[in-house]
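In: could you look at this predicted model? Sequence included:
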Amino acid sequence: MGEKTQKKTGLLLLNMGGPDSLDAVQPFLFNLFSDPDIIKLPLSAVFQKPLAYRISTKREKEAQANYAIMGGASPILKYSLGQAELLAQALNDRGYGKLPAYVAMRYWHPFTDKVLNQILADKIERLVVIPLYPHFSFTTTGSSLNELRRVMTEKKVAIELDVVPCYYDHPKYIKALAENIESGLSGNEWGCKRDEVTLVYSAHSLPMRHIKSTQDPYPDQIYETVKQVSEQYFPDNPWELAYQSQVGKMPWLGPSTEGILHYFSGVEQDNLLMIAVSFVSDHVETLVEIDQEYIPLANELEIQYCKRAPALNVNASFIEALADIAADRLDALNDNTPLPTVVPEFKSLLKNVRHPSLSLT
């Protein structure tokens, strides 16, 4: 099959990033807490960075201990690069040619500005932008897109962008989650029948103040993903949705994962499979927060058996989902035909992003 692309096109995958050494933990945290899109601190224009420095310094040793458990660094870049490589190969196999695939991280290397320099050096004329956040939030996809637009404006770059806002209900993404849940349910360690195991979906939480002020679609999309996975693939298993990674004393989206474990202990629900639903690769929230905190807590609470389903990482169905999404955008671009937005209301929702001119066609 001949190549289907016309303009010199690249793929850009966006993710949060993670420290690549223990020395990088504090600056990574500083970058994260300095971003008003993810956590808007009081009087952010004046105090965001000083408070971010204070918070990152205070949390440095605890965070370093967590990253030490993972060998001293986050694996998120390794998995993101692997996903990009496999996506490019899948598209090449479908006849789109060898499209260069780039990965830009929001809070640690490779930063967006450095990746954009490489994109410019490669003379890319347009980019299909796919966030490695299946669910849209102004704190994740919105922040990464704001940074991309800021860097493009600073460099006076006019590369054509085609942004995929989300893919929380893509059939192959749903299938990929189900496959990894199936893997978690396999084996004979359960003290009950497979369809009696409770599925505990754990997503990253957000401050309630943020959700109310922005009408962020994230919690609705998380719920829809969980509902589709359970109804389509595990209709007989009880399930619960919980949220992890809360910081500070302000109200966060709940119920908390820790609270759900206490609840299940009280009602003697003895077999739990935890699923990290909002993350597409292993990192500190799966390898430490779930594996080293929540599962031991379940044991302390005398829950008979609790384990975690594998993260998506380079799951073949997940890569196929990304390839389907990218192929649809490439076909629409090359045919000059409008492609329906994944969720029609995104264009109006994204007026809250600081650069509303970002194309979502």
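Out: In hand now; what should we look at? What you see is a predicted model; the values in this text were computed from it and never measured.
In: how about the helix or strand containing residue 263: buried residues?
Out: For residue 263, the element it lies in under DSSP states H and E is helix 257-266. For helix 257-266, burial by neighbour count (16 or more other C-beta atoms under 10 Å) applies to 257, 258, 260, 261, 264, 265. Quick note: C-beta positions are derived from backbone N, CA and C, even for glycine.
In: chain center to that helix, what's the gap?
Out: 25 Å (C-alpha atoms, centre = their mean, to the nearest Å).
In: about what we covered before: pLDDT and distance to residue 15 added to the buried residues of helix 257-266, as a markdown table?
Out: A markdown table is the format used below for the buried residues of helix 257-266 (pLDDT from 0 to 100; distance: C-beta to C-beta, whole Å):
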| residue | pLDDT | distance to residue 15 |
| --- | --- | --- |
| 257 | 97 | 22 |
| 258 | 96 | 26 |
| 260 | 96 | 27 |
| 261 | 97 | 28 |
| 264 | 94 | 32 |
| 265 | 92 | 34 |
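In: show me what the helix or strand following the helix holding residue 263 packs onto, helices and strands only.
Out: Per DSSP H and E, the first helix or strand lying C-terminal to helix 257-266 is strand 271-276. For strand 271-276, the packing partners by 3 or more C-beta pairs under 8 Å, 6 or more residues apart in numbering; DSSP states H and E come out as helix 171-185, strand 198-204, helix 257-266, strand 305-308.
In: determine which stretch of the ones you listed is the most buried.
Out: Mean neighbour counts were taken over the helices and strands packed on strand 271-276 using mean count of other C-beta atoms under 10 Å, and the top value, a mean of 24, falls to strand 198-204.
In: closest to residue 316 among the buried residues of helix 257-266?
Out: Residue 316 has its nearest neighbour among the buried residues of helix 257-266 in residue 257, at 28.0 Å by C-beta to C-beta.
In: what sits against the closest one?
Out: By C-beta atoms under 8 Å, 6 or more residues apart in numbering, the residues touching residue 257 are 200, 202, 242, 243, 244, 274, 290, 294.
In: next one: residue 181
Out: Residue 181 touches 199, 229, 233, 234, 273, 275, 309, counting by C-beta under 8 Å, 6+ apart.
In: with residue 235 as the reference, measure out to the nearest residue to the fifth one once chain neighbours are set aside.
Out: In other words, residue 273. Leaving aside its sequence neighbours, residue 273 sits nearest to residue 184 (C-beta to C-beta, 6 or more residues apart in numbering; 4.9 Å). Between residue 184 and residue 235 the distance is 17 Å, computed by C-beta to C-beta, to the nearest Å.
In: let me know the angle separating the helix holding residue 263 from strand 198-204.
Out: Counting by axes from the mean of the first three to the mean of the last three C-alpha atoms, to 10 degrees, helix 257-266 lies at 160 degrees to strand 198-204.
In: where does this protein have low pLDDT?
Out: Along the chain, segments meeting pLDDT under 70 span 1-5, 41-45, 336-361.
In: can you map out the helices along it?
Out: Ranges of helices in the chain, per DSSP state H, are 25-33, 44-69, 76-93, 112-121, 141-155, 171-185, 208-214, 218-233, 257-266, 284, 295-300, 316-335, 346-349.
In: the residue sitting nearest the centre point of the chain: what's it in contact with?
Out: The centroid of the chain falls nearest to residue 133 when counting by C-alpha atoms, centre = their mean (3.2 Å). By C-beta under 8 Å, 6+ apart, residue 133 lies in contact with 14, 15, 140, 141, 144, 166, 278, 280.
In: hmm, residue 113 is touching residue 151, no?
Out: Yes: with contacts counted by C-beta atoms under 8 Å, residue 113 reaches residue 151, the gap being 4.7 Å.
In: the two: which has the busier surroundings?
Out: Set residue 113 next to residue 151 and count neighbours by other C-beta atoms under 10 Å: residue 151 wins out with 18 against 15.
In: tell me if I'm right that that one and residue 106 touch.
Out: No: counting by C-beta under 8 Å, residue 151 does not reach residue 106; the two are 11.3 Å apart.
In: tell me how many other residues crowd residue 294.
Out: Using other C-beta under 10 Å, residue 294 is surrounded by 23 other residues.
In: who wins for neighbours among the contacts of residue 181?
Out: Greatest neighbour count in the contacts of residue 181, by other C-beta under 10 Å, goes to residue 275: 26 neighbours.
In: redo the helices of the chain as JSON lines? Include distance to residue 129.
Out: Formatted as JSON lines, these follow (distance: least, C-beta to C-beta, whole Å):
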{"stretch": "helix 25-33", "distance to residue 129": "21"}
{"stretch": "helix 44-69", "distance to residue 129": "26"}
{"stretch": "helix 76-93", "distance to residue 129": "12"}
{"stretch": "helix 112-121", "distance to residue 129": "11"}
{"stretch": "helix 141-155", "distance to residue 129": "7"}
{"stretch": "helix 171-185", "distance to residue 129": "17"}
{"stretch": "helix 208-214", "distance to residue 129": "21"}
{"stretch": "helix 218-233", "distance to residue 129": "18"}
{"stretch": "helix 257-266", "distance to residue 129": "31"}
{"stretch": "helix 284", "distance to residue 129": "25"}
{"stretch": "helix 295-300", "distance to residue 129": "35"}
{"stretch": "helix 316-335", "distance to residue 129": "9"}
{"stretch": "helix 346-349", "distance to residue 129": "13"}
